[in-house]
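S.K.: give me a 3D structure for the following:
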Amino acid sequence: MVKHIKILVIEDEESHAQLIQRAFERHRDDFDVHFVSTLAQAGDFLAGTDPDIVLCDWILPDGKGLEILAPERDNSLYPVVLMTSHGNEELAVEAMKAGALDYIVKSPEAFSNMPHFVLREIREWEHILARRRAENRLQQVLLQTVESLALLVEKRDPYTYGHQKKVSQLACAIGREMQLSDETLQGLYFSSILHDIGKITVPLEYLNKPGKLDPLEFDIIKTHPQNAYEMLKAIDFEAPVAQIILQHHEKCDGSGYPYGLGAQRILLEARILTVADVVEAISSHRPYRPSLGITAALDEIASHRGILYDTDIVEVCLKLFREGRFQFE
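M.R.: You can find the predicted model right below:
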């Protein structure tokens with residue numbers, strides 16, 4: 001059995017609806033067309049049915065057609081084409097930004113050609129979905145690759161891997177509280193889970209030395225951000241992951257390493273990573289000392305906010321802990 005293409009038409013102008021209906025009457029075996037005249041009626045229909053495409057008037061009795069593309073609606077299931085009586089570039093840009101697949105200027109010719117137009121739009125939608133699936137697969141491969149790299153560190157030094165994992169939890173919690181975009185949060189996660197991968201080139205006896213490091217040993221450990229940068233810079237992350245990791249030991253007053261950058265030259269994600277790194281390191285056991293506890297960690301960032309650490313990021317971190325909305329797993 002050939003599947004009918006299910007179309008929802010949202011049109012309050014009766015004469016326009018009749019013209020659209022007449023165009024599809026010649027193709028009854030191919031299309032199943034449902035007409036409503038308001039956004040409320042459309043909402044009721046969409047609550048129980050996923051159409052193959054939605055054709056929506058720009059202005060309706062109970063709102064603008066753009067509202068059909070509101071964030072709370074899952075429009076990823078079907079494409080939306082907006083219909084307007086007055087086409088111009090501004091309307092086209094507004095429609096595309098809102099998430100419409102396309103827009104069409106109403107006319108007798110446009111209505112009579114509607115079946116062919118719908119078929120073309122659905123083919124375009126299928127291509128878009130195929131690209132999305134391919135992009136999602138690539139994202140999954142990238143995520144698996146990053147986590148595999150992090151596991152390399154665990155095989156050599158379980159402490160470093162556990163540290164990276166907990167730092168990523170806190171860094172991403174801070175980023176979400178700061179309402180960073182999903183893309184930025186993903187870059188922050190990748191940077192956090194890999195921020196000490198450069199230590200894979202550092203002798204284990206330095207990383208696990210129970211006493212104080214001598215100056216030469218410390219200088220070698222301080223190469224790990226640059227080592228990580230060299231390892232990761234060729235990977236085409238959407239975010240500047242290698243650069244973030246390179247900067248995660250920089251301090252706002254310029255006293256950090258490897259380049260002594262001041263606050264304005266340090267990436268936001270690197271400043272978040274720095275705070276999360278310090279809090280986790282102080283509150284956890286280290287090879288050269290027992291855990292100092294979360295109170296000491298929070299005191300450290302609070303007492304040096306605006307000096308070593310970004311003030312706004314410190315405030316967000318303190319708020320998460322004080323309100324009981326974050327704790328290390």
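S.K.: ranges for the strands of the stretch 151-300 of the chain?
M.R.: Here the stretch 151-300 of the chain has no strands by DSSP state E, counting those that start in this stretch.
S.K.: let me see the ranges of the helices in it.
M.R.: With DSSP state H, counting those that start in this stretch, the ranges of helices along the stretch 151-300 of the chain come out as 158-177, 182-193, 204-207, 215-221, 224-232, 241-246, 268-283, 293-303.
S.K.: tell me, what residue is most central in this protein?
M.R.: Against the mean C-alpha coordinate of the chain, by Cα atoms, centre = their mean, the closest residue is residue 182 at 1.8 Å.
S.K.: got the contact list for residue 310?
M.R.: 252, 263, 271, 272, 274, 275 (Cβ atoms under 8 Å, 6 or more residues apart in numbering). For glycine as for every other residue, the C-beta is placed from the backbone atoms N, C-alpha and C.
S.K.: pLDDT at it, what is it?
M.R.: Per-residue confidence (pLDDT) for residue 310: 98.
S.K.: distance of it from residue 326?
M.R.: Between residue 310 and residue 326 the computed distance is 17 Å (Cβ to Cβ, to the nearest Å).
S.K.: ditto for residue 231
M.R.: In terms of Cβ to Cβ, residue 231 sits 30 Å off from residue 326.
S.K.: how about low-confidence regions in the chain?
M.R.: For the chain, applying pLDDT under 70 flags the ranges 1-3, 71-75, 158, 160-161, 287-289.
S.K.: look up how far residue 65 lies from the residue lying closest to residue 66 once chain neighbours are set aside.
M.R.: Distances taken as Cβ to Cβ, 6 or more residues apart in numbering place residue 98 nearest to residue 66, at 4.9 Å, with adjacent residues excluded. As for residue 98, its distance to residue 65 is 9 Å (criterion: Cβ to Cβ).
S.K.: circling back to that earlier point, right, and the residue nearest to residue 66 touches residue 68 too?
M.R.: No. Contact criterion Cβ atoms under 8 Å: residue 98 and residue 68 do not qualify, at 9.1 Å.
S.K.: neighbour count winner among those two?
M.R.: In this view residue 98 and residue 68 are compared by other Cβ atoms under 10 Å, and residue 68 has more residues nearby, 24 against 18.
S.K.: residues contacting the closest residue to that one other than its chain neighbours?
M.R.: Of all residues not flanking residue 68 in the chain, residue 56 sits nearest, at 5.1 Å (Cβ to Cβ, 6+ apart). Going by Cβ under 8 Å, 6+ apart, residue 56 touches 9, 10, 11, 42, 65, 68, 80, 81, 82, 83.
S.K.: which one of these is nearest residue 238?
M.R.: Lowest distance from residue 238 to the contacts of residue 56 (Cβ to Cβ) belongs to residue 80, with 26.6 Å.
S.K.: bridge partners for that closest one, pull those for me.
M.R.: Residue 80 has these beta-bridge partners by DSSP bridges: residue 54.
S.K.: check residue 10 too.
M.R.: With DSSP bridges as the rule, residue 10 is bridged to residue 36, residue 56.
S.K.: for it, give me its contacts.
M.R.: Contact partners of residue 10, counting by Cβ under 8 Å, 6+ apart, are 36-39, 41-42, 54-57, 60, 65, 68.
S.K.: drop anything exposed from those.
M.R.: For the contacts of residue 10, a neighbour count by 16 or more other Cβ atoms under 10 Å gives the buried set as 36, 37, 39, 41, 42, 54, 55, 56, 57, 60, 65, 68.
S.K.: for those residues, could you give me CSV that also reports distance to residue 103?
M.R.: Putting these into CSV (distance: Cβ to Cβ, whole Å) gives the following:
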residue, distance to residue 103
36, 19
37, 19
39, 17
41, 21
42, 17
54, 12
55, 10
56, 10
57, 11
60, 15
65, 9
68, 12
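S.K.: just give me the closest of the residues you listed to residue 109.
M.R.: For the buried ones among the contacts of residue 10, the nearest to residue 109 is residue 55 (15.7 Å; Cβ to Cβ).
S.K.: leaving out the residues flanking it, which one is nearest to the closest one?
M.R.: Of all residues not flanking residue 55 in the chain, residue 9 sits nearest, at 4.8 Å (Cβ to Cβ, 6+ apart).
S.K.: run a quick neighbour tally on the nearest residue to residue 291 once chain neighbours are set aside.
M.R.: Leaving aside its chain neighbours, residue 291 sits nearest to residue 285 (4.8 Å; criterion: Cβ to Cβ, 6+ apart). Residue 285: 11 surrounding residues under other Cβ under 10 Å.
S.K.: surely residue 285 meets residue 293?
M.R.: No. Counting by Cβ under 8 Å, residue 285 does not reach residue 293; the two are 10.7 Å apart.
S.K.: other residues contacting stretch 16-30?
M.R.: 2, 4-5, 7, 9, 11, 31, 33, 35, 37, 55, 57, 83, 106, 108, 111-115.
S.K.: may I see the buried residues of it?
M.R.: 16, 17, 19, 20, 23, 24, 27.
S.K.: quick check, nearest of the residues you listed to residue 221?
M.R.: residue 20 (70.4 Å).
S.K.: can you report how many residues lie near residue 58?
M.R.: Close neighbours of residue 58, defined as other Cβ under 10 Å, add up to 18.
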